[in-house]
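Participant: coordinates only, sequence not included:
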């Protein structure tokens, strides 16, 4: 389990802040069945923070793989909608890259 | 002494004049620069951030900066209250960056608490829905992060926000004097073909476009646009010699207007005008079109 408040404190805005959480997820990815991320009902409201945590994952893994591996708890509704929007953006980017020959 | 005389209305509509005169001051051979606001009657966030940024740029080049205050009482009181005249005051070049009010601030690094403060200031004079407040919070955070991530300036950025009760809107402007969007994007091989600022500005708002090599980025301006589209707001982006204006007013789609500035400047200006009563929130639109992932 990754507790955002314990892990990040007030550092929940920048990409560098998000990378701390992203690295923890990567570390646990192959070790546990489900990674639970607890946001402690704190309002993040930062595209950078969420994108750094989940953006790279959405480019590497499918929507099904993400939802199977990650549980998001105690997240504010605004942040939940924002998070979903960001992941959709990156999943679209992933699909586009897959379809477009380089 | 180089005297910078400003027009009656210090607004983004007079951007060419304001930028031109400030640039002339920055590169003036005279040591003393006087910013003369005596004829001014109104100022918007664009003008405030650009002029204090120009004052800072003047000082960085060894100039001594002073101000001739606005004779218009209301404007003078406002500029005094936000600490405008403190920028560059003192012939030793000492500057007071910190100020107890939130309407005008300078940042060398991201300050997450500032965003909440500025939203609180705005809502103290203007009724805003929670959705608008959340979206403005997001927009300010993103624009500031962009500045520190992309502009490569050590001078940071200037942020100013004002609410207009009669017009029912909120105007937020973030200005930096960094390398600008064209130089930032064209430093990446993917966008090396870019040769003019207007194309670079228009590309910068597209999803996934960023100068951050090897890292994820490029969602900030995209999300702000989505918010403003639903909010029926406006955004001006100026960078280098480019100026693009997206206007989503009246729900008739977007009207895009673009032009070249008479004189180029080093940096980027992002000026947002959001409707205070615009309940629409772009993330709700996205929620409606698909099942939530989390």
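Facilitator: Received, thanks. Nothing here was measured: the structure is a model prediction, and the numbers come from that model.

Participant: pretty sure residue B:104 is in contact with residue B:48, am I right?
Facilitator: Yes: counting by CB atoms under 8 Å, residue B:104 does reach residue B:48; the two are 6.0 Å apart. From N, CA and C alone the C-beta is placed, and that goes for glycine too.

Participant: okay, and the common contacts of those two?
Facilitator: Both residue B:104 and residue B:48 are in contact with B:82, B:84, B:160, where contact means CB atoms under 8 Å, 6 or more residues apart in numbering or on different chains.

Participant: Contact partners for the residue nearest the centre of chain A?
Facilitator: For chain A, the residue nearest the mean C-alpha position is residue A:54 (2.7 Å; CA atoms, centre = their mean). Neighbouring residues of residue A:54 by CB under 8 Å, 6+ apart: A:22, A:66, A:83, A:86-87, A:90.

Participant: from those, which ones fall inside helices?
Facilitator: Secondary structure defined by DSSP state H assigns A:22, A:66, A:83, A:86-87, A:90 of the contacts of residue A:54 to helices.

Participant: want to try CSV for those, with pLDDT and distance to chain B as columns?
Facilitator: Listed next are the ones in helices among the contacts of residue A:54 as CSV, based on pLDDT from 0 to 100; distance: CB to the nearest CB, whole Å:
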residue, pLDDT, distance to chain B
A:22, 96, 9
A:66, 94, 7
A:83, 87, 6
A:86, 79, 6
A:87, 85, 5
A:90, 78, 8
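
Participant: residue of chain A with the smallest distance to chain B?
Facilitator: residue A:81 (3.8 Å; CB to the nearest CB).

Participant: so that residue, which of the three states?
Facilitator: helix (DSSP: H, G, I helix; E, B strand; the rest coil).

Participant: same thing with residue B:235?
Facilitator: Of the three states, residue B:235 takes strand according to three-state DSSP.

Participant: Wait, it touches residue B:257, no?
Facilitator: No: under the criterion of CB under 8 Å, residue B:235 makes no contact with residue B:257, lying 11.3 Å away.

Participant: how about low-confidence regions in the stretch 51-200 of chain B?
Facilitator: Filtered on pLDDT under 70, the stretch 51-200 of chain B yields the residue ranges B:88-103, B:107-113, B:121-122, B:124-132, B:134-135, B:138-139, B:148-155.

Participant: What strand or helix carries residue B:269?
Facilitator: Element membership of residue B:269, judged by DSSP states H and E, is strand B:255-275.

Participant: Can you give the strand pairings for that strand, parallel or anti for each?
Facilitator: Sheet pairing for strand B:255-275, assigned by DSSP bridges, gives strand B:169-176 (antiparallel), strand B:234-247 (antiparallel).

Participant: Throw the ones you listed into JSON lines and include mean neighbour count, thanks.
Facilitator: Shown next, in JSON lines, are the strands paired with strand B:255-275 (neighbours: other CB atoms under 10 Å in any protein chain shown):
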{"stretch": "strand B:169-176", "mean neighbour count": "25"}
{"stretch": "strand B:234-247", "mean neighbour count": "22"}
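
Participant: Between the ones you listed, which one is closest to residue B:77.
Facilitator: Closest to residue B:77 of those, according to CB to CB: strand B:169-176, at 18.6 Å.

Participant: which residues of chain A score low on pLDDT?
Facilitator: A:96-102.

Participant: Helices along that one, start to end?
Facilitator: With helices called from DSSP H, chain A shows them at A:4-8, A:15-29, A:47-50, A:56-60, A:63-69, A:77-99.

Participant: What residues sit buried inside the fifth one?
Facilitator: Neighbour counts over helix A:63-69 (16 or more other CB atoms under 10 Å in any protein chain shown) mark A:66, A:69 as buried.

Participant: With the longest one instead?
Facilitator: Within helix A:77-99, the residues scored as buried using 16+ other CB under 10 Å are A:78-91, A:93-94.

Participant: what touches both of residue B:235 and residue B:257?
Facilitator: What both residue B:235 and residue B:257 touch, as defined by CB under 8 Å, 6+ apart, is the set residue B:245.
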